[in-house]
Structures are given as C-alpha cells and as structure tokens.
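1. Turn this into a structure:
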Amino acid sequence: MRRAVTISRYIIAILFLFSGFTKLMDPVGTSLIIEEYLKAAGFYPMEALTLIGGALLSLAELSIGVALSVGLMARLFAFLSFISLLFFTILTLFLAIFNPITDCGCFGEVVKLTNWQTFFKNLIFLPLSLLLLLNIKTIAPSRSPRVEVRVLLSLISLFTLFLVLSYIYLPIVDTMDYKRGVSLRERAGLDGELNHSPFETTLIYSKDGVNYNFTIDSLPDSTYTFVESYSSIIESATEPQNFEFAISDYQGNYLTEHLLSSEGKEILITIPRSYNLTKRRVKRINTLYSYLEERGYSTLVLTGTKRDSWEIEERGEIVAPLYHTDQKTLLSMNRSNGGVVLLSDGTIVKKYSSIGMSYKKMEKILEEDWELMLAKGEIRANLTIQFIPLVIFLLLVAAGRVLTLIIMRQDENS
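-> Predicted coordinates:
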C-alpha cells in the first residue's frame, strides 16, 4: 500500500506541476481561458480580474504540485488536490455534455484536449488523489511547520517572478497557432501567387474639354491630356478567403492578400486591445513606425478593436493607418499589446513585446539574416523546452533536501 500511495503522490504532483506551469508561462492565455468560462456562465468580467484569477490559479496548482512532490504540509495539499480534481471532474462533465466551450484549457496552449478527453483524464486522476488523501499518514512530516511555510513561499516567490516576466515580455515557450515559423499567407488561405491586387487603378484623361476614364491596360494616344488617377477596391476582393486571419480597413473591405504581398522583410505591430494603450506605449508605437517608414520597410499596424482603434486614429494618437484583425488572432500572434512581429516572405521570424522592442534595436535587427534568425530561434526554443523541466526538478530536489536536513537535525536533538 505504501508504494501505491507514493506512486499516486508523485503522479498527482506531476499533473499539478505541469498544469500550473503551462498556465504560469502564459498568463494572458490563462486569463482568456477564464474569460471564456465566465462568459459561458453569463458573466463578462474585467480583463484585470481574469488576469489576476489566472495568476492565482496557476500559482495554486504549482503550490499543490510542489507541496506533494517534497512533502510540504502533506495533509492540507492532499486534501486540496482531491477537492480540485473533484471540482474539475464535475465541471468538465458539464462542459462535455453541454459544450459551451470547446477547449478546457487545462494545459494552456501546450496540450489541447476535448471536453470528453478532459473528463476521462480527471476520472483517472481522481481515485489516485482519493487514495493519497486516505493514506496521507504514510508521508513523513517535517515536524517544522514554520520551515515548511518558508520553503513553500520561497518557491512560490520564484514562480511569481517568472509569471511577472512572462506577462511583461512574452511566454518563454511559444506554443500558439501563430508561433515562429508559421506562414501567415498559408493561414490566410493564400496560394502563394500574390500577383492579384484587390485594387483597380483608373486614369482620367481629357480631350476637347471632356474627361474620359481609362485603365492601365488601355491607355489613350498622345492627343489626350492626363488629368488625374485614383484607385478603387475591386468588388470581388472584399470577400476574405479565410476568416481565421483576415485584414480589413475601416469600411470593412478585406485587404489581406494585398497587405501580405510584400516580399522580403515586413514588420507587424499588433494591438489586440487598443483601449488599453497607455500614452507611453502609443508614443513607442509611433516612434517605431516612423523609424521603419523612413527606411522604407513595409510596416502594418493591426488592431483587434475596430471601433476603438478608429477613435484612436481620429484623435491623432497613432500616426500609422490602422487595419482590423480578429482580436483572438492577434493575441495568438503576440500576447503583448503593442508588440512587434517580424515577417520574412510572410513567415513569422520573431516576436517582441511592446517593452522588449525599441526602435534603437531595429537597426541591428534589420541588418541580420532573418532566415538564420528563424533557425537560431527554433534551436533556442527546443533547448528551452528541455531546460525548464530540469530547473524545476533541481528546485524541488533542493527543497526536499532542505526538509530532509531539518528532519535529521530534529531527530538528533530529540
């Protein structure tokens, strides 16, 4: 029985560690999951509340995982693990039956499960947590609750620091749909042949006081005098090929193909929620946009809040023309509000948060080989995925060693 309890203990600990860490490294994504849950229940919470709720949830799951793995306050956290799994088993059964949302978000963007898969997963882990709860006395206590609390708080402090950095900058591991190496042209449903333009140019020529309209393919002879030209959107180009990634102007005209047709280097500035922009962040966006435009680089500013972004442009705060894209798509492309995405021939090369990118860095970045940058980034991401579990393991080993030493000293003194 003792061996079965020990195995159950570590299985439950790993479950909560993995679940908590996947949420911790992507606090914005976790807040979106909580927002979907609350909207399904008929509540429309403030963004700050869902962000705080997501942070607390990830820290709570990590605390349970840490405590069970090293034997901190075993009775308390065995009880919390059972209650948590019981609650989520009931919740996921409801989700599986009524399907108000399609993804439970248990493991963030790292592992996506259907509601039924999540429910059956909980059915497997719930008996293990019950077995652990009923046989919790088999875990040796440290007999120093004060030290247990200190060790636990120290680890939580480190995780909180990691959470804050993940929010200020970007998730250390990008597992989203629009991650590094993804082609926006493919996601937009474009076939790679970008010769078609959604614009038609009309040229106006005058002869004997009368104006005539011509196209570029049918220009008049030299007896006509040029007056002016203008471009209009072809009616068939207003239909987006793929609503998953579509760019439109304020009149609702879809310009996805035209705006993604640039070859070579292109820069996107993504603003999922323009109403949250501070004056400092707006100034940063304007400075960066002006810097890039002066050097002739194709730069697009995409926003996910159409009406609010129109008001911002009317106030003259953002100097760039703004285009509308689905908010969730932009958040999947870059979690930072006002972040930067580098494209090479329509493929995502690298991402920066609004704080992590400044125009002063751009000169060096623009001179780099972006294909090499993409390859280096993918290698670094793979190494990070392997490195993070090792760091967590070493932290837990250190915490367990501290408690062991405490127990040994208490036994010597008793």
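2. May I have stretch 277-284 exported as PDB, CA atoms only?
-> Output in PDB follows, covering the C-alpha atoms of stretch 277-284 (Å, rounded to 0.1, in the frame of the first residue of the first chain):
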ATOM      1  CA  LEU A 277      -2.900  51.500 -24.700                       C
ATOM      2  CA  THR A 278      -1.100  54.000 -22.500                       C
ATOM      3  CA  LYS A 279       0.300  57.300 -23.800                       C
ATOM      4  CA  ARG A 280       3.800  55.900 -23.400                       C
ATOM      5  CA  ARG A 281       3.000  52.800 -25.400                       C
ATOM      6  CA  VAL A 282       1.400  54.900 -28.100                       C
ATOM      7  CA  LYS A 283       4.500  57.100 -28.300                       C
ATOM      8  CA  ARG A 284       6.600  53.900 -28.600                       C
END
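3. now that stretch: mean pLDDT?
-> When pLDDT is averaged over stretch 277-284, the result is 85.
4. most residues in a single helix of this structure, which one?
-> helix 370-413 (DSSP state H).
5. centre of the chain versus that helix, how much separation?
-> On the basis of CA atoms, centre = their mean, to the nearest Å, helix 370-413 sits 24 Å off its chain's mean C-alpha point.
6. and it, what does it pack onto?
-> helix 2-24, helix 47-70, helix 145-168, strand 339-344, strand 347-352 (3 or more CB pairs under 8 Å, 6 or more residues apart in numbering; DSSP states H and E). Where C-beta positions appear, they are placed from N, C-alpha and C, glycine not excepted.
7. switch to 6 Å and redo it
-> Contact partners of helix 370-413 among helices and strands, from 3 or more CB pairs under 6 Å, 6 or more residues apart in numbering; DSSP states H and E: helix 47-70, helix 145-168, strand 347-352.
8. ranking those by mean pLDDT, which is last?
-> The stretch with the lowest mean pLDDT among these is helix 145-168, at a mean of 87.
9. Mind putting the helices and strands packed on helix 370-413 into CSV with distance to residue 382 and mean neighbour count?
-> Formatted as CSV, the helices and strands packed on helix 370-413 follow (distance: least, CB to CB, whole Å; neighbours: other CB atoms under 10 Å):
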stretch, distance to residue 382, mean neighbour count
helix 47-70, 24, 20
helix 145-168, 19, 15
strand 347-352, 15, 21
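10. between the longest helix of the chain and strand 347-352, how many degrees?
-> Orientation of helix 370-413 against strand 347-352 (axes from the mean of the first three to the mean of the last three CA atoms, to 10 degrees) gives an angle of 50 degrees.
11. Out of the helices and strands packed on helix 370-413, which gets nearest to residue 363?
-> strand 347-352 (14.4 Å; CB to CB).
12. Wait, a strand at residue 337?
-> No: per DSSP: H, G, I helix; E, B strand; the rest coil, residue 337 lies outside any strand segment and is coil.
13. now it: how far from residue 303?
-> Relative to residue 303, residue 337 is positioned 10 Å away (criterion: CB to CB, to the nearest Å).
14. go on, residue 344?
-> Taking CB to CB, one finds residue 344 at 23 Å from residue 303.
15. Excluding sequence neighbours, find me the nearest residue to residue 53.
-> Once flanking residues are discounted, residue 53 sits nearest to residue 34: 5.0 Å by CB to CB, 6 or more residues apart in numbering.
16. er, residue 395 I mean
-> Nearest to residue 395 is residue 155, by CB to CB, 6+ apart, at 6.3 Å.
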